[in-house]
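S.K.: this one's sequence-less:
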């Protein structure tokens, strides 16, 4: 861990409505940014403050070079999370962000800052086999993103918008390809895994395999939708997440 960074660089977070005890750190999926969590704060329970992660090369940090080394990125994120003022930290990761959240939880436990809970969505367990994304050109990448879901259609159909978001997406694909699970101590925190019932990329049975990666309590929920259920079914996801935070993690 290095010098504690300014959390305003790494996170988007609204001012808390009242005293907040729980910091909910949210990591987006492929090419995503903290903006995807912009509507969440009003739906969260009192006392929970959202901290949406701003990755280098994404969104408001688009001018920076993206980080495509998982170990480097997790180390930087761990330093940033340790600067969050709330005493209880819950990590949430969607798709690619789920693996980053898992490794972040490991790093925090090693540093003595054990998270209160980990919530993963739309991704199989970190030791699952991940088929490589084989795209040879821009049109094939766009076709892949269209099948995957999660990137708005208006972005995929606008070359100017694509020019803005594709560098982050390509960096995240490299990040995913470089990730390699390494056996280690089980997490000790509670874990909730959430799957989309119609997710063809990460079916529910593979998402349920997260149970073997914690010695703490484990919960598993299947919600309506495909891989992009975080966009198509956000109210249900937030409800499941909130209930878990209050009843399992902080009850």
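M.R.: Good, I have the coordinates. Remember, predicted model here, so these are calculated numbers, not experimental data.
S.K.: Show me what the residue sitting nearest the centre point of the chain bridges to in the sheet.
M.R.: Central residue check for the chain by Cα atoms, centre = their mean: the C-alpha nearest the mean position is that of residue 93, 2.2 Å away. Here residue 93 shows beta-bridge partners residue 27, residue 120, assigned using DSSP bridges.
S.K.: start the count at 23, not 1, going forward
M.R.: New numbering, starting at 23: the last item is residue 115.
S.K.: From what I see, it and residue 148 are in contact.
M.R.: No: taking contact to mean Cβ atoms under 8 Å, the distance of 10.5 Å between residue 115 and residue 148 leaves them out of contact. C-betas here are computed from N, CA, C, even on glycine.
S.K.: and for the two, which residues touch both?
M.R.: Common contact partners of residue 115 and residue 148 (Cβ atoms under 8 Å, 6 or more residues apart in numbering): 121, 124.
S.K.: Using the three-state scheme, assign the nearest residue to residue 226 once chain neighbours are set aside.
M.R.: Nearest-residue entry for residue 226: residue 217, 3.9 Å, with adjacent residues in sequence omitted and distances by Cβ to Cβ, 6 or more residues apart in numbering. With DSSP: H, G, I helix; E, B strand; the rest coil as the basis, residue 217 sits in strand.
S.K.: now swap in the one 4 residues further on and tell me
M.R.: Using three-state DSSP, the structure places residue 221 in coil.
S.K.: Neighbours of it, how many?
M.R.: Using other Cβ atoms under 10 Å, residue 221 is surrounded by 24 other residues.
S.K.: Isn't it up against residue 252?
M.R.: No: checked against Cβ under 8 Å, the pair residue 221 and residue 252 is beyond contact range at 10.8 Å.
S.K.: any shared contact partners between these two?
M.R.: Contacts common to residue 221 and residue 252, judged by Cβ under 8 Å, 6+ apart, are residue 144.
S.K.: quick one, strands of the stretch 173-273 of the chain?
M.R.: Applying DSSP state E, counting those that start in this stretch to the stretch 173-273 of the chain gives strands spanning 213-218, 240-245.
S.K.: what ranges of the stretch 73-222 of the chain fall below the confidence cut-off?
M.R.: Across the stretch 73-222 of the chain, the stretches falling below the confidence threshold (pLDDT under 70) are 172.
S.K.: how about the helices in it?
M.R.: Taking DSSP state H, counting those that start in this stretch as the criterion, the stretch 73-222 of the chain contains helices spanning 92-103, 118-132, 160-170, 175-178, 181-200.
S.K.: Reformat these as JSON lines; add distance to residue 39 and mean neighbour count.
M.R.: JSON lines is the format used below for these (distance: least, Cβ to Cβ, whole Å; neighbours: other Cβ atoms under 10 Å):
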{"stretch": "helix 92-103", "distance to residue 39": "22", "mean neighbour count": "19"}
{"stretch": "helix 118-132", "distance to residue 39": "25", "mean neighbour count": "24"}
{"stretch": "helix 160-170", "distance to residue 39": "35", "mean neighbour count": "15"}
{"stretch": "helix 175-178", "distance to residue 39": "32", "mean neighbour count": "12"}
{"stretch": "helix 181-200", "distance to residue 39": "31", "mean neighbour count": "16"}
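S.K.: right, so of those, which gets closest to residue 51?
M.R.: With distances scored as Cβ to Cβ, the stretch of these nearest to residue 51 is helix 118-132 (5.2 Å).
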